[in-house]
Every structure is written in structure tokens, then in C-alpha cells.
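1. Prediction below, plus the sequence it came from.
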Amino acid sequence: MRSIWVGELRENAHVEGVFLVSDVEVKTARDGSAYVRMKLQDRTGAVEAIRWRASDFEQQAARTSDYLRITGRVDTYQGRLQVTLDHLAPVTEGVDPRDFLPVAPRPVEEMGRELGSHIRRVRNARVRQLLEMATGDTEVGRMFREAPAAVRVHHAYLGGLLEHTLSVVKMAEAVASHYGDLNRDLLIAGAVLHDIGKTREYVWSRRIAHSDAGLLMGHIPQGVLIANELIDAIPGFEEDWRMLLTHIIVSHHGSLEYGSPRVPMFPEAVAIHYIEDLDSKMHLMRREMAISAARGEAGRWTAHVKWLDRALFLGVPPEDWDEDGATAMLPGDEQDPGRRSFFTGEEE
């Protein structure tokens, strides 16, 4: 059991424990002594840290170690918490990566059961078997449930790939219902498999990072390989289905500019492209807005968001906001304490 999590840190608190370390910089102070800046992280968040007058051993430990055992105290620097370190040493064993990497807010087991309920409704038996192999009690399925969906951008935490996939599947259900002439089985299968290559694109035993294969090939070619390996193990799988699912995987980024060697060429492929892009952008926007609120930033705009190349407006009113500025209490509102507040600035 950890003594303290990053999310529990408060000013003037004493800190002692093991943390994942990143963004290490060794610099020289005005008096000529060396100091080390770094980021300390666990699954609840990250905090800046500094070690003044760092010894050669401490500099080397910070540069080369994934985990450090530290002692220090929490203070405030430029309005943010910072840990001033008294001691640091490398840690090479006895750590559980799940303590240090961010995890999905919803339990993986719960999301897996919900995804399974959609898969069980797939009518084509061989396609259903393929999806069960990709997400169930197999090596691919285990990695699918654990994997992040990204290193930094959207759903960048353990279970993030499952969370993103489930969201895309649920939107695919809505698309199938709205456009009744589309093939539901193909939509659901494409939604489940579109990012399956991310199980090989990333590694997450110590930190979330790209694998060698991820850097060399990316997740789209990897997804084609995985899907076809699974298909090869299913006797009698129809070649037209193999072709259609492969096309959805290779086209789901929409264009060559964004990494797809083919543009979507039938309606179900177009739908998967747009809804998976929608889910990633909505997740990113909501995260940036939440970060802005958590920092207590005043005003009606976030800072510039690098991944979207824009700032985000925070002044959209809640759904039940009427013309007089009053909110109507609707059935179930009393059970919804998480309703977000959009008006963060002063009244004009």
C-alpha cells in the first residue's frame, strides 16, 4: 500500500515513496552547482520535482532510472505544487506498473461486459467468433483490455483502448439504427477491430510508449496483421468479409495525410472513420476543459490546445438553461452531481 499518491499532495506535506520519473533535466545553478528537474508520476497524476545540489550519483540515477525512491517536501512554485527533494535513489524491482500508470476511470471488467453484450448480438457466427477472439480470453484479448489508445493524446491510459472502442461501438449502434440499410454486423465488427493494432503499437510494462514495431509500422498495418491472423484460425471465414474488415482498418483515419493508405470506400467504412474521429476529439476536448477547470483558470476560454490547434470556449450553457438564466430540475437531476458548470468567468 502506497503511503501517499500524487493526487493527495498538499503544500508543506512530507513526501516519501516510489514514483515513476520522466522529463529529467540536469542544469547548472547560479552558484555553479548541478540541480535536477524532473516529473514524478503515479496513476493519480504527476508533479514537478527538483533536487538542488544533486550529486553525480543522483544525476545518473535520475537520468537512467524508470522509478525513484524519494523523500522531500511539497511547496508551491509559480502557482503550482512542486516537490523539493532531499534524497533520491533508483528502484529496480518490487514495483507494480499499475500503481504508476494512469488507468481508465471506469473498471475494465465492467466495460468488457458491456462490449460483450454488443458482440453477442452480431448475427454472422464467424464474425462474432472473430470479435470474441479479439476481445475475450485470448492473448490478443488480454492486451486489448489492458492497452492504452495513445501515448499522450486521447484515452492515454490503461484500458483506454477498450474505453474508446466501446464508445465507437455504441455510436455505431446508433448509426445502424438511424441508417437502417447499413450492415450492423459490419459496423460493429469494424468498430471493434479498427484500432486492434494498438495492442502492438504500444508497450506499457513500465511506461506508456511506442514499441519498436509501433514506430516502424504504426497501428494500421499491425491491425491488418492481427485481424488476418485471427481470421486464418476460423475455418470457412468468408473472403469478402476479410476484405471489408481489412478495408475498414486501413481507411479509418480517412486519408493518406492522416495515415490511411486508402480513403473509406463504402458507407460503413465512412461511418467508422467519422465516429472514431469524433470520439477521440470529444475525449480530448472534455479532458482539456476539465484540466482548465481543475487549475481554476478564470475566463471563458482554455489555453491553446496543441493537439487541436485551437483554444476551447467554455461558455456553452447546460442543456436545461432557459432564457431567464434559470435551470429547470428534471427527473434524475438529483442523482447527477457530475453535471458540469460551463460559466467559469465573471458575469459581464
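-> Right, received. Where do you want to start?

2. Am I right that L284 is in a helix?
-> Yes: assessed by DSSP: H, G, I helix; E, B strand; the rest coil, L284 belongs to a helix.

3. Can you tell me the SS state at the nearest residue to it once chain neighbours are set aside?
-> In space, not counting the residues next to it along the chain, L284 is nearest to H154; the distance is 4.9 Å by CB to CB, 6 or more residues apart in numbering. Any C-beta I mention is one placed from the backbone N, CA and C, and that applies to glycine too. Here H154 is coil, with the state taken from three-state DSSP.

4. cool, and A46?
-> Looking at A46 with three-state DSSP, the answer is strand.

5. the longest strand in the chain is where?
-> Across the chain, the longest stretch assigned as strand under DSSP state E is strand 14-28.

6. Could you list the buried residues of that strand?
-> Residues of strand 14-28 classed as buried: 15, 17-21, 24, 26 (neighbour count, 16 or more other CB atoms under 10 Å).

7. which other residues reach that strand?
-> 2-4, 6, 9, 34-42, 46, 54, 59, 62-63, 65-74, 83, 91, 95, 100-101, 206-207 (CB atoms under 8 Å, 6 or more residues apart in numbering).

8. try stretch 212-222
-> With CB under 8 Å, 6+ apart as the criterion, stretch 212-222 contacts 195, 197-203, 249-250, 252-253, 259-261.

9. sorry, back to before: helix or strand next in line after the longest strand of the chain, which one?
-> strand 34-42 (DSSP states H and E).

10. Can you give the distance of that next one from its chain's centre?
-> Chain-centre distance of strand 34-42: 23 Å, with CA atoms, centre = their mean, to the nearest Å.

11. how big is the angle separating it from strand 14-28?
-> 140 degrees (axes from the mean of the first three to the mean of the last three CA atoms, to 10 degrees).

12. and this protein, what are its domains?
-> 6-98, 101-283 (automatic domain parsing).

13. Mean pLDDT and distance to A293 for the ones you listed - can I get that in TSV?
-> Converted to TSV, the domains of the chain look like this (pLDDT from 0 to 100; distance: least, CB to CB, whole Å):
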stretch	mean pLDDT	distance to A293
domain 6-98	93	15
domain 101-283	95	16
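
14. Could you identify which of these is most buried?
-> domain 101-283 (a mean of 18; mean count of other CB atoms under 10 Å).

15. Quote the end-to-end distance of it.
-> 19 Å (CA to CA, to the nearest Å).

16. that older thread, and the domains of the chain as a markdown table, adding distance to V305?
-> Shown next, in a markdown table, are these (distance: least, CB to CB, whole Å):
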| stretch | distance to V305 |
| --- | --- |
| domain 6-98 | 18 |
| domain 101-283 | 10 |
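
17. Quick one: closest of these to A294.
-> In terms of CB to CB, the element of the domains of the chain nearest to A294 is domain 6-98, at 9.8 Å.

18. what's the distance between that closest one and the middle of its chain?
-> Counting by CA atoms, centre = their mean, domain 6-98 comes out at 24 Å from the chain centroid.

19. Looking at P337 now. What's its pLDDT?
-> As predicted, P337 sits at a pLDDT of 42.

20. ok, now which ones touch the nearest residue to E48 once chain neighbours are set aside?
-> Closest residue to E48 apart from its sequence neighbours, by CB to CB, 6+ apart: Q82 at 4.8 Å. Listed by CB under 8 Å, 6+ apart, the contact set of Q82 reads 47-50, 74-76.

21. Return the list of strands paired to the longest strand of the chain, each annotated with direction.
-> According to DSSP bridges, strand 14-28 forms sheet pairs with strand 34-42 (antiparallel), strand 67-77 (antiparallel).

22. okay, those in CSV with distance to I291 next?
-> What follows is those, written out as CSV (distance: least, CB to CB, whole Å):
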stretch, distance to I291
strand 34-42, 16
strand 67-77, 18
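
23. Indicate which one of those strands is closest to S167.
-> Nearest of the strands paired with strand 14-28 (CB to CB): strand 34-42, 25.6 Å.

24. all helices of the chain, in order?
-> 56-64, 108-119, 125-135, 139-146, 160-178, 184-193, 198-201, 212-217, 219-232, 239-251, 267-294 (DSSP state H).

25. how close does the residue nearest to E48 get to R69?
-> 19 Å (CB to CB, to the nearest Å).

26. again with A34
-> 20 Å.

27. How about P261?
-> In terms of CB to CB, P261 sits 47 Å off from R69.
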